[in-house]
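S.K.: the sequence and its predicted three-dimensional model are supplied below.
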Amino acid sequence: MIEEKVKKTIKDRGLIERGDHVVLGLSGGPDSVCLFDMLCSMSGEMGFSLSAVHVNHKFRPGDAERDRDYVKKICRERGVPCDVYEVDCHRVAEDLGMTDEEAGRKVRYDSYEKSAAASSETKRISKEKVKIAVAQNMNDQAETVLFRIIRGTGVDGLSPMGFKRKRESGFWVIRPLLDVDRRDIEAYCLEKRLEPCRDKTNKDTLYTRNKIRLELIPYLEREFNGSVMERLCTLADLAEKDRDHIGRVVDEIFESLIKDKNTDRVILDREGFSGLHEALKHRIVMKAFGEIGLDEDLSYVHVGICCRLIEEGRGTCSVDMPHGYRMEVRYGDVVFGRDRETGEGGGAERPDLYKKLVPFEEYCHDSSVAALDYDRFLEEFGDEEIQWRTRQPGDRIQLPATEGGKKIKKLFIDEKVPKDLRDSIYMAAVGHEIIWIPKGRTRAFYRGDLKVTEATKRVLLLDTKEIL
């Protein structure tokens, strides 16, 4: 039976231990409702407590509210506490320059971690004892592997999801249904007379993932291999084991190559690097940049250029990378660092703050300049003066994606700003409310409720250089 299979997975893989608290992401769909029902049944016997989190992404007006009410109802009936978050994810996507799907995922995991942190505090247990459970299944794993193969990926990309992985926040994410077929989940819901919600957009083949699920996988099963999903999941499992082993090897080699290292710069031995296998060279380059904060938007092409420059470069030569990073070859040294000339270094020198007030009709959008609704600013802060300073204890910022605001300390941790640089970042503040952090060590951030809209009459511009 599916229940016994899931219980065995939980025990064999150490997903939940006695005394744990489990925070379940509960969308109201078949997968999460199936897992909800199982965890409710297992909690007494296995000695863990349970709460749920539901996120209304505001993507499907009417249907989304129906899903929310359904989740609240089943949690009430089973006596399970439920936190509900409602976030306009389309707006988040626009504000952060990402797709709706990426914004939805970010908001979901931010919400899970917020509830997990509250559970850790109220129950007085460590983060290690709080598990975030999500209901991805075998089909999701297979679809993701295929999606990444089609888009282009390396070996690491073939193991997209694990049964248990630790997030940077310190909380474990567990996936007890990862080896369960979606058909078995549907059968369970039918047998138990559960009535989960159905998302109509899952049938829309406009989305690539839906097209893979609805068209490509059935075609592969019909024409090539009826067990293609199991084979893809086996591939993912093997790739994860390979990745873990290779990662340990790379860590050891990386340490042996280090000549100098701090949060801002890594210097490796060029001769030692040149003697490595090509596969290791690529991973060493990615690890070096990751150590100083560049762990996104580093493509296969970027890494290849770095490797060629190390092998073929003469004297002193360099290459620029995304987000103001650079790799430089200096005879026997390979230096990975931030390019000070890009203005993204966020150094100790105090930049100037320039302010300009313009009518909305004269406002011309410029992503490098902070633009705030001045009348909304006056409503919120009156005639209080804008301070230009570095962070102080108690500072917070109201972000578009965050209800109740986020502490600047937490923001810098999430943005992976090195500890020794956090006190050198200047920001515009009114009291302890931060209204703008310019792009530099982090992405640019501004107070979400001051965003310029069509209803704006006057625009307050802020910049670190004179505004023309």
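M.R.: Yes, it's here. Keep in mind that this is a model prediction, so the values were computed, not measured.
S.K.: which SS class is residue 461?
M.R.: Put simply, residue 461 is strand when judged by DSSP: H, G, I helix; E, B strand; the rest coil.
S.K.: nearest residue to it in space, please, no chain neighbours.
M.R.: Nearest residue to residue 461 in three dimensions, chain neighbours excluded: residue 356, at 4.5 Å (Cβ to Cβ, 6 or more residues apart in numbering). Backbone N, C-alpha and C define where each C-beta goes, glycine included.
S.K.: the one you found - that's part of a helix, no?
M.R.: No. Going by three-state DSSP, the assignment for residue 356 is strand, not a helix.
S.K.: so it touches residue 465, yeah?
M.R.: No. Assessed by Cβ atoms under 8 Å, residue 356 is found out of contact with residue 465, at 11.5 Å.
S.K.: coming back round to it: distance check, the residue nearest to residue 461 against residue 378.
M.R.: Distance, residue 356 to residue 378, using Cβ to Cβ, to the nearest Å: 16 Å.
S.K.: same question, residue 465
M.R.: 25 Å.
S.K.: what pLDDT, on average, does stretch 424-444 get?
M.R.: The average pLDDT for stretch 424-444 rounds to 87.
S.K.: for the chain, which strand is longest?
M.R.: Taking DSSP state E as the criterion, the chain has its longest strand at strand 49-56.
S.K.: counting contacts, what elements does that one pack onto?
M.R.: strand 21-25, helix 30-46, helix 63-78, strand 82-86, helix 100-123 (3 or more Cβ pairs under 8 Å, 6 or more residues apart in numbering; DSSP states H and E).
S.K.: walk me through which strands the first one pairs with, and which way each runs.
M.R.: So the one you mean is strand 21-25. Sheet pairing of strand 21-25 (DSSP bridges) gives strand 49-56 (parallel), strand 130-133 (parallel).
S.K.: ok now the longest one, how far from the chain's centre?
M.R.: Between the mean C-alpha point of strand 49-56 and the mean C-alpha point of its chain there is a distance of 19 Å (Cα atoms, centre = their mean, to the nearest Å).
S.K.: now the angle from that strand to helix 30-46?
M.R.: 160 degrees (axes from the mean of the first three to the mean of the last three Cα atoms, to 10 degrees).
S.K.: give me the residues contacting the longest strand of the chain.
M.R.: 20-28, 36, 39-40, 43, 64-65, 67-68, 71-72, 75, 80-87, 104, 107-108, 111-112, 115, 119, 123 (Cβ atoms under 8 Å, 6 or more residues apart in numbering).
S.K.: mean confidence for that strand?
M.R.: 96.
S.K.: just the C-alpha atoms of that strand, please, in PDB.
M.R.: Taking Å, rounded to 0.1, in the frame of the first residue of the first chain, the C-alpha atoms of strand 49-56 are listed here in PDB:
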ATOM      1  CA  SER A  49       3.600  17.500  15.400                       C
ATOM      2  CA  LEU A  50       2.200  19.000  12.300                       C
ATOM      3  CA  SER A  51       1.100  22.400  10.900                       C
ATOM      4  CA  ALA A  52       0.300  23.600   7.400                       C
ATOM      5  CA  VAL A  53       1.100  26.600   5.200                       C
ATOM      6  CA  HIS A  54      -1.100  27.700   2.300                       C
ATOM      7  CA  VAL A  55       0.000  30.400  -0.100                       C
ATOM      8  CA  ASN A  56      -2.500  32.300  -2.300                       C
END
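S.K.: report the angle between the axes of that strand and strand 82-86?
M.R.: Counting by the same axes, to 10 degrees, strand 49-56 lies at 20 degrees to strand 82-86.
S.K.: return the per-residue confidence for the residue nearest to the spatial centre of the chain.
M.R.: Most central in the chain under Cα atoms, centre = their mean is residue 106, positioned 5.3 Å from the mean C-alpha point. According to the prediction, residue 106 has pLDDT 90.
S.K.: for residue 213, same thing?
M.R.: Reading off the confidence values, residue 213 has pLDDT 90.
S.K.: which SS class is the closest residue to it other than its chain neighbours?
M.R.: Of all residues not flanking residue 213 in the chain, residue 143 sits nearest, at 5.3 Å (Cβ to Cβ, 6+ apart). Of the three states, residue 143 takes helix according to three-state DSSP.
S.K.: you'd agree residue 143 is up against residue 214?
M.R.: No. Judged on Cβ under 8 Å, residue 143 makes no contact with residue 214 at a distance of 10.1 Å.
S.K.: which of those two has more neighbours?
M.R.: Using other Cβ atoms under 10 Å as the criterion, residue 143 and residue 214 rank with residue 143 on top: 23 against 15.
S.K.: what residues of the longest helix anywhere in the chain count as buried?
M.R.: Criterion DSSP state H: the longest helix present in the chain is helix 228-257. Residues of helix 228-257 classed as buried: 228-229, 232-233, 235-237, 239-240, 243, 250, 253-254, 257 (neighbour count, 16 or more other Cβ atoms under 10 Å).
S.K.: how about stretch 411-425?
M.R.: Result for stretch 411-425 [16+ other Cβ under 10 Å]: buried residues 411, 412, 416, 417, 421, 422, 424, 425.
S.K.: which residues of the stretch 151-300 of the chain fall in helices?
M.R.: Secondary structure of the stretch 151-300 of the chain (DSSP state H, counting those that start in this stretch): helices at 182-191, 208-211, 217-223, 228-257, 270-274, 278-291, 300-312.
S.K.: identify the residues contacting the first one?
M.R.: Surrounding helix 182-191, the residues in contact under the criterion Cβ under 8 Å, 6+ apart are 2-3, 30-31, 33-34, 37, 137-139, 177, 194-196.
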